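Colleague: A structural model of the following input is requested.
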Amino acid sequence: MKQRLPSWLFVLFLTLLATATDEFIIAGVLKTIAADLDVSLSAAGQLVTVFAVVYALGAPTLAVVCERFPKRSVMIVGLLCFVVANVVAALAPGYWILMGARVFAGLAAAIVTSAAFTTTAMGAPEGMQGRYLGVVTSGMTAALFTGVPLGSWLGGAFGWRATFWLIAGVGAIAALGLLVTAPNIPGSNSAPLKERLSPLRNAAVLRLVMVTFLAASGGLMFYTYLGAYTTEVAHGSYHMLSVMLFIVGVAGLAGALLAGRAIDARGPRTGLKLVIGGHVIGLALAALLVFSGIGNPIVLGVVIAFWAVWAWGLNPPIQGSIMGAAGPQVGMTALALNISGLYLGTGVAGAIGGAIVGFADIKWVPVAATVMMTLSFFLIPKAAPQESGAAGSAGEPQDMTESQPAGT
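Modeller: Below is the predicted model:
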């Protein structure tokens, strides 16, 4: 009999939809914020940068501190802080108050995301870790074509402050849902700081974080300049971008779910090789297309869809691999370290892609991205013997039935 997914998994989907939307949504209302608060557009843009930087640096730091606490408590408290930060942002009378709210929101989102992925990995039944991680990861992917467009429309219709009220409301609903449904994942045993920082000395974990860094640098470099790439391939047709972004969202959502099933069947390391290998092929096809001169929109859409499936399939296998390499006692810290690798890769992607566009041509962006993704592929460690079959659940089995009272 097919096992039904628990309700807490979909609450975590909603949780990551909220935190990811908060990360991306402000890009759609930057001009409005700049005009309302009487700052330059570049200054308003720093509201995006500071969230990402704080998120990247705060995730591993806060994870070390919060590793020993029950994950449900960490997520609920973190979400409440996230809600407060967005309420403050919605009410901010000036730029610096808004900036402070973005810092606080970034820190809260970082710890919530780390705890959510740890809960998912440790709360999954044997043989279903990948599927569970895929569902939760798809919340972040869904933000690209649901939360972000909705928030941007809301900001245009009712003002930029309405977008932060929306995120605060979703965050509050998610916190209530976790209070009622979240499984009882205990914190790790008390341990000295040296032991809690062990992922920083774990060669397998660090190698996997580097895999994430290079994969993010390559994949997000292409995504960052997708608009310019689409215009180049479609011979100046700007209206194609919205269609391509929709394709990316739908294909990416499917990719996250399919990647989860793949690692349940083959193990996280094998699944990781499959996903990154497919990503290499997708970027290579994008490079061939832009140099071929073929401007057919159907061909362009197929190539973008193929690439997006692999691009957004990364999180389930990389997180499963890292949990397996680090172990449950420091799993949250290891996953948070991986988040830092992801966000640092995002920053590098924009910088390198910008340099390529400035000094060469947009055609060379998918070429450079393919090179970085290939390096990522060759860095993937070999699968451990226990990972050769089904992935199973990370760490020791937990007794986490959905019928447990919320306070246990």
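Colleague: switch to C-alpha atoms for all contacts and neighbour counts from now on
Modeller: Noted.
Colleague: Helices of the stretch 301-408 of the chain, residue ranges please.
Modeller: 315-326, 331-359, 365-379 (DSSP state H, counting those that start in this stretch).
Colleague: what does the last one contact?
Modeller: Read it as helix 365-379. Applying CA atoms under 8 Å, 6 or more residues apart in numbering, the contact partners of helix 365-379 are 207-208, 210-212, 214-215, 217-219, 221-222, 225, 273, 276-277, 279-280, 283-284, 286-287, 353, 356-357.
Colleague: Now the buried members of those.
Modeller: 207-208, 210-212, 214-215, 217-219, 221-222, 225, 273, 276-277, 279-280, 283-284, 286-287, 353, 356 (16 or more other CA atoms under 10 Å).
Colleague: wait, what's in contact with Ala311?
Modeller: Gly219, Gly252, Gly255, Val275, Ile276, His279.
Colleague: Please convert these to TSV, extending it with secondary structure, pLDDT and distance to Leu379.
Modeller: Formatted as TSV, the contacts of Ala311 follow (DSSP: H, G, I helix; E, B strand; the rest coil; pLDDT from 0 to 100; distance: CA to CA, whole Å):
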residue	secondary structure	pLDDT	distance to Leu379
Gly219	helix	90	16
Gly252	helix	87	24
Gly255	helix	89	22
Val275	helix	94	14
Ile276	helix	95	11
His279	helix	96	14
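Colleague: and which of those is nearest Phe158?
Modeller: Gly252 (29.7 Å; CA to CA).
Colleague: Tell me how many other residues surround the closest one.
Modeller: If you count neighbours by other CA atoms under 10 Å, Gly252 ends up with 26.
Colleague: I figured it was touching Phe306, is that so?
Modeller: No - in this structure, Gly252 is not within contact of Phe306 by CA atoms under 8 Å, at 9.2 Å.
Colleague: re the thing from before, would you tell me which of the helices of the stretch 301-408 of the chain gets closest to Leu91?
Modeller: Smallest distance to Leu91 across the helices of the stretch 301-408 of the chain (CA to CA): 28.0 Å, for helix 331-359.
Colleague: what angle sits between the closest one and helix 365-379?
Modeller: Interaxial angle of helix 331-359 relative to helix 365-379 (axes from the mean of the first three to the mean of the last three CA atoms, to 10 degrees): 150 degrees.
Colleague: tell me how far helix 331-359 is from the chain's mean position?
Modeller: 12 Å (CA atoms, centre = their mean, to the nearest Å).
Colleague: Return the set of buried residues in it.
Modeller: 331-350, 352-354, 356.
Colleague: per the record, what domains does the protein have?
Modeller: Domain assignment for the chain, taken from automatic domain parsing, gives 7-187, 196-384.
Colleague: quick one: the first one to chain centroid distance?
Modeller: Think domain 7-187. Taking CA atoms, centre = their mean, one finds domain 7-187 lying 11 Å from the centre of the chain it belongs to.
Colleague: Quick one: end-to-end length of it, please.
Modeller: 22 Å (CA to CA, to the nearest Å).
Colleague: who's in contact with Gly155?
Modeller: With CA under 8 Å, 6+ apart, Gly155 has these contacts: Val29, Arg161, Ala162, Thr163.
Colleague: hmm, back to that, can you flag which of the contacts of helix 365-379 belong to helices?
Modeller: Per DSSP state H, helices hold the following members of those: 207-208, 210-212, 214-215, 217-219, 221-222, 273, 276-277, 279-280, 283-284, 286-287, 353, 356-357.
Colleague: Which positions within stretch 87-103 qualify as buried?
Modeller: Buried residues in stretch 87-103 (16+ other CA under 10 Å): Val87, Val88, Ala89, Ala90, Ala92, Tyr95, Leu98, Met99, Gly100, Ala101, Arg102, Val103.
Colleague: From these, pick the one nearest Ser152.
Modeller: Taking the buried residues of stretch 87-103 together and measuring to Ser152 by CA to CA, the closest member is Ala90, at 14.3 Å.
Colleague: what about that closest one, which helix or strand?
Modeller: If you go by DSSP states H and E, Ala90 is part of helix 71-91.
Colleague: what residues does that helix touch?
Modeller: Contacts for helix 71-91 (CA under 8 Å, 6+ apart): 66, 97-98, 101-102, 104-105, 108-109, 111-112, 115-116, 118-119, 161-165, 167-169, 171-172, 174-176, 178-179, 182-187.
Colleague: orientation of it relative to helix 331-359 in degrees?
Modeller: 40 degrees.
Colleague: Going by neighbour count, which residues in stretch 171-188 are buried?
Modeller: In stretch 171-188, counting by 16+ other CA under 10 Å, buried: 171-175, 177-188.
Colleague: How far does it sit from its chain's centre?
Modeller: Its chain's C-alpha centre and that of stretch 171-188 lie 20 Å apart, by CA atoms, centre = their mean.
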